[in-house]
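K.L.:
pasting a predicted model and its sequence here:
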Amino acid sequence: MKALQGVEGRLEWLQQPTLACDVGEIRIKVAAAGLNRADLLQRAGLYPPPPGASETLGLECAGVVSEVGAGCDWQVGDRVCALLAGGGMADEVVVDGRHALPVPDGMSLQEAAALPEVYATAWLNLFQLAALKPGEKVLLHAGASGVGSAAIQLCKAFGNPCWVSVGSAERLAHCEALGAQGGVLRSEDLQALRDFGPFDVILDPVGGQYVGLNLELLARDGRWVNIGLMGGRTAELDLALVLGKRIQLIGSTLRNRDELFKAELLQALRQHVWPLFTEGRLSAQLQGSFAAKDAEQAFEVLASNQVNGKLVLVIDPSLV
């Protein structure tokens, strides 16, 4: 099969052996795969896959089930999207059947490829780890990103007013159209977020340079979930504020979680989140798609930090 890998900082489509489909697994003929910042980091050699995971890029995909291992409830021909530790940007992928979800009614495979990673990340960190309660206020840094766009919609759906920090007025308008109450431009005055706070939960993919700001903006008993290090990995932490406000600092990753954890997370998504797509309360927020031959261009666009929502790579145009 053909698979996309990062080789010395560049992208190459390589021929890889076909994997066996074992007990509890399904084989998916991939229609499209979502792009994530993790793919940029892996291409650059900065984020290797977990032990045992595929070296092929792609943490999510959508397609059609072509083979079903014993013990799976899926059927050949089912339209699914899947959360992966790697391997989505390939002609086919073999995945634990519990890590796949049905494509929501009325949604294309192209759109569905943009769902699993960002909605799993947003749900896990806001509603499971931070235990967000209805009415609590949320701050989303990088609010126009794929995760941010998903998080805004989830906050609106579950009764949580949210605000964002973003890179441009156009991206702020995107967030407000999705349901954010407002926000600030990071290039102007992040301190203006004080006008909207304090916040009960902050979802932060930036880290380093936002540490002091987050501590200041959090309410008493606030939860700060750090999911990335775009702003650096080190910072000085005022522990007096942590103690005085009883702040919980939660470090969170998803890719290296074990199979059972991911299965339970996907089951929660299927129960609590997936019905909202059918009801029209959530959407994929797909900004654009690229043909497989244009993978380098797709990665360049993602790296520009100008994407509102998600990009996908179309692997098999006959399926989408």
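P.N.:
Structure's in. What do you need? Residues are numbered from 1 along each chain as shown.
K.L.:
low-confidence regions, this protein specifically.
P.N.:
Along the chain, no part satisfies pLDDT under 70.
K.L.:
okay, which residue is most central for it?
P.N.:
The chain has residue 118 as the residue nearest its centroid, 2.3 Å off, counting by Cα atoms, centre = their mean.
K.L.:
tell me how many other residues surround the nearest residue to residue 305 once chain neighbours are set aside.
P.N.:
The spatially closest residue to residue 305, leaving aside those adjacent along the chain, is residue 167, at 6.3 Å (Cβ to Cβ, 6 or more residues apart in numbering). To be clear about C-beta, it is placed using only N, CA and C from the backbone, and glycine gets the same treatment. The local packing count at residue 167 equals 16, with neighbours defined by other Cβ atoms under 10 Å.
K.L.:
unless I'm mixing things up, residue 167 is touching residue 144, no?
P.N.:
Yes. At 7.5 Å, residue 167 counts as touching residue 144 under the criterion of Cβ atoms under 8 Å.
K.L.:
longest single helix anywhere in this structure?
P.N.:
For the chain, the longest helix by residue count, based on DSSP state H, is helix 146-157.
K.L.:
mind listing the helices for the stretch 151-300 of the chain?
P.N.:
According to DSSP state H, counting those that start in this stretch, the stretch 151-300 of the chain carries its helices in the segments 169-178, 211-217, 239-245, 259-268, 274-278, 295-303.
K.L.:
mind listing what residue 320 touches?
P.N.:
With contact taken as Cβ atoms under 8 Å, 6 or more residues apart in numbering, residue 320 is in contact with 31, 32, 108, 109, 110, 314.
K.L.:
same question for residue 204.
P.N.:
Taking Cβ under 8 Å, 6+ apart as the definition of contact, the neighbours of residue 204 are 141, 210, 214, 224, 225, 226, 227, 228.
K.L.:
the last one and residue 187, how far apart?
P.N.:
Pointing back at residue 228 there. Shown here: residue 228 relative to residue 187, a distance of 19 Å by Cβ to Cβ, to the nearest Å.
K.L.:
who has more neighbours, these two?
P.N.:
residue 228 (19 against 9).
K.L.:
so that one sits right up against residue 205, yeah?
P.N.:
Yes. With contact defined as Cβ under 8 Å, residue 228 counts as touching residue 205 (3.3 Å).
K.L.:
save the contacts of residue 204 as CSV, and put in distance to residue 152 too.
P.N.:
Converted to CSV, the contacts of residue 204 look like this (distance: Cβ to Cβ, whole Å):
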residue, distance to residue 152
141, 12
210, 18
214, 18
224, 18
225, 15
226, 19
227, 15
228, 17
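K.L.:
residue 263: which of those residues is nearest?
P.N.:
Minimum separation from residue 263 among the contacts of residue 204 (Cβ to Cβ) is found for residue 227, which lies at 20.6 Å.
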